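# okay, sequence plus prediction incoming.
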Amino acid sequence: MIKISHGAEAVLYEDRGTIIKERLSKAYRLPHLDEALRKFRTRREAKVLQRLEELNFPAPHLREFSDKRMSLIMDVVPGEKLKSVLQQGDDHTQLAAAMGNNVGKLHQNDIIHGDLTTSNMIQHAETGQLHFLDFGLSSFSGKVEDKAVDLYLLERALESAHHQHPELFEKVVEGYKEAYSDAGKVLERLQEVRKRGRNKGK
Ligand SMILES: Nc1ncnc2c1ncn2[C@@H]1O[C@H](COP(=O)(O)OP(=O)(O)OP(=O)(O)O)[C@@H](O)[C@H]1O
Ligand SMILES: [Mg+2]
């Protein structure tokens, strides 16, 4: 078993084709709230992954989870993080459209990712298909506002990690419209979310 990532919220290990994700305890949180939050996020991530599998959405296959150990065991998605793929080179337009397509499929099914960044996406080594990861902050919601904020956070993440490719988000929007019948309403709301973001400076 090898440690592959130790982020703010979780530590991840790889072991014979599987990923073990353990949600970490945070010393600054009150202990009972810390436990409740980790339990909630572990269960939520498991539930969303199960739903995504039913929908045939490209995300890791969940093998098991435990809300005692605060862990998930899922299959490895072989490939490279989209963040490094985009920083290296070609094919931006198609990848951005695939990103938008995936977000559109999630929103069509009232699933909000909650942390859309190119570090939470992997281009599958064999199929080339774009897979999404990291559903610990996701939620089920049909609200236009929640969907617009999801897209806004992606737009901001692209601006900061991929500022050398300012055209990416436009392509994301094209893919989004293709996959999601109610995209128009969300994109209209996105304009308001942007205005609010500008006014508050964040
Ligand atoms: N199923 C998977 N297959 C391949 N790699 C994975 C898988 N799940 C997670 N990873 C890798 O581990 C990293 C961290 O996983 P994840 O994003 O789920 O946790 P995190 O708590 O957000 O960690 P971080 O704070 O580092 O973003 C991912 O960016 C990805 O590189
Ligand atoms: Mg992550």
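Great, that's in hand. Ligands and ions are numbered 1, 2, ... in the order given.
# phi first, then psi, for the nearest residue to Tyr13 once chain neighbours are set aside.
With sequence-adjacent residues excluded and distances taken as Cβ to Cβ, 6 or more residues apart in numbering, Tyr13 is closest to Ile20, at 4.5 Å. Yep, even glycine has a C-beta here, placed from its N, CA and C like the rest. Per-residue torsions, Ile20: phi -110, psi 120 (degrees, to the nearest 10).
# I figured Ile20 hits Met70, correct?
No. Using Cβ atoms under 8 Å, Ile20 is not in contact with Met70; the gap is 11.0 Å.
# ok, now which ones touch the residue nearest to Tyr13?
Contacts here follow Cβ atoms under 8 Å, 6 or more residues apart in numbering; on that basis Ile20 touches Met1, Leu12, Tyr13, Glu14, Ser71, Leu72, Ile73.
# from those residues, which two are the most distant?
Met1 and Leu72 (14.9 Å; Cβ to Cβ).
# which of these two has more neighbours?
Per other Cβ atoms under 10 Å, whichever of Met1 and Leu72 has more neighbours is Leu72, with 27 against 9.
# so that one belongs to a helix, correct?
No. Assessed with DSSP: H, G, I helix; E, B strand; the rest coil, Leu72 is strand; it does not lie in a helix.
# mind checking pLDDT for it?
pLDDT for Leu72: 98.
# and the one 10 residues further on, by the same measure?
Confidence at Leu82, expressed as pLDDT, is 97.
# and for the one 5 residues further on?
At Gln87 the predicted local distance difference test score is 90.
# for it, which non-adjacent residue is spatially closest?
Once flanking residues are discounted, Gln87 sits nearest to His162: 7.2 Å by Cβ to Cβ, 6+ apart.
# ok, that neighbour - contacts?
Leu86, Gln87, Thr118, Leu168.
# keep the contacts of Ile20, but drop any that are not near ligand 1.
On the criterion Cβ under 6 Å from any ligand atom, Leu12 are the entries of the contacts of Ile20 that sit beside ligand 1.
# and the contacts of Ile20, which are buried?
Leu12, Tyr13, Ser71, Leu72, Ile73 (16 or more other Cβ atoms under 10 Å).
# quick one: which of the contacts of His162 sit in helices?
Leu86, Gln87, Leu168 (DSSP state H).
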